[in-house]
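Kindly generate the corresponding structure for this input.
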Amino acid sequence: MASGGSPNLISTILRWPLLWHAARLALVSAYLLGGLTKLLDFASAAAEQEHFGLHPGWLWAATAIVVELGGSLLVVINRFVWLGAGGLGVLTFVAMITANAFWTMVGHERFMAANAFFEHLGLISGLIIVSIVADPASFSPSRAARSQAFQGVSE
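Here you go, the predicted structure:
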């Protein structure tokens, strides 16, 4: 095992062909479920959007459905991942700003909203990472080497 590298067993698992597919599906699973739920109960989806101050609710709900289902599909099939993940990331950013504005809250409500806000931020980061990995020009050996070199400096 190289310095800072994964143990052989972990490296073997990370190279399993189905793991990349399963990880992409897991990453977008909440969006798939959310999009289908909104599609099956559009009136409630529109009401939810208006509850968070997004008007007209029907337009925001329709947009959310298209982005959640379409973006997820692009990520899962590994085509135009940058577009699918980017759309999901923007949608998630809008949601976290409108639904998790913890800076306007106090007490337990603030605590819960702050947790949700930063969970959404982590999800956006995951979408960025899947876009980097899916793009061979972005995820090159030289980039990985620079990252490892930087890691060695920071240790």
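
make it CA atoms for all contacts and neighbour counts henceforth
OK.

where's the residue nearest to residue 111 when sequence neighbours are not counted relative to residue 5, distance?
Nearest in space to residue 111, with sequence neighbours left out and distances taken as CA to CA, 6 or more residues apart in numbering, is residue 102 at 7.4 Å. Distance of residue 102 to residue 5, given as CA to CA, to the nearest Å: 38 Å.

quick one: which of those two has more around it?
Set side by side, residue 102 and residue 5 show more neighbours around residue 102, with 20 against 10, by other CA atoms under 10 Å.

Now the lengthiest helix in the chain: average pLDDT?
Scanning the chain for the longest helix, with DSSP state H as the assignment, gives helix 107-134. Mean pLDDT, computed over helix 107-134, is 96.

which of the residues in that helix are buried?
110, 113-114, 116-117, 120-121, 123-124, 126-128, 130-132, 134 (16 or more other CA atoms under 10 Å).

which residues does residue 87 contact?
Contact analysis of residue 87 by CA atoms under 8 Å, 6 or more residues apart in numbering lists 67, 71.

and the helix or strand where it lies with helix 107-134, angle?
Per DSSP states H and E: residue 87 is located in helix 81-99. Counting by axes from the mean of the first three to the mean of the last three CA atoms, to 10 degrees, helix 81-99 points 170 degrees away from the direction of helix 107-134.

just how off-centre is helix 81-99 within its chain?
Mean-position distance between helix 81-99 and its chain equals 7 Å (CA atoms, centre = their mean, to the nearest Å).

Sort out which residues of that helix are buried, please.
Judged by neighbour count (16+ other CA under 10 Å), helix 81-99 contains these buried residues: 81-89, 91-93, 95-96, 98-99.

What of stretch 53-69?
Buried, per 16+ other CA under 10 Å, within stretch 53-69: 54, 57-58, 60-62, 64-65, 67-69.

same question, stretch 42-52
Using 16+ other CA under 10 Å as the test for burial, stretch 42-52 gives 42, 44-50.

Quick one: mean pLDDT over it.
Averaging pLDDT along stretch 42-52 yields 97.

Nearest residue to residue 42 in space, please, no chain neighbours.
Closest residue to residue 42 apart from its sequence neighbours, by CA to CA, 6+ apart: residue 61 at 7.3 Å.
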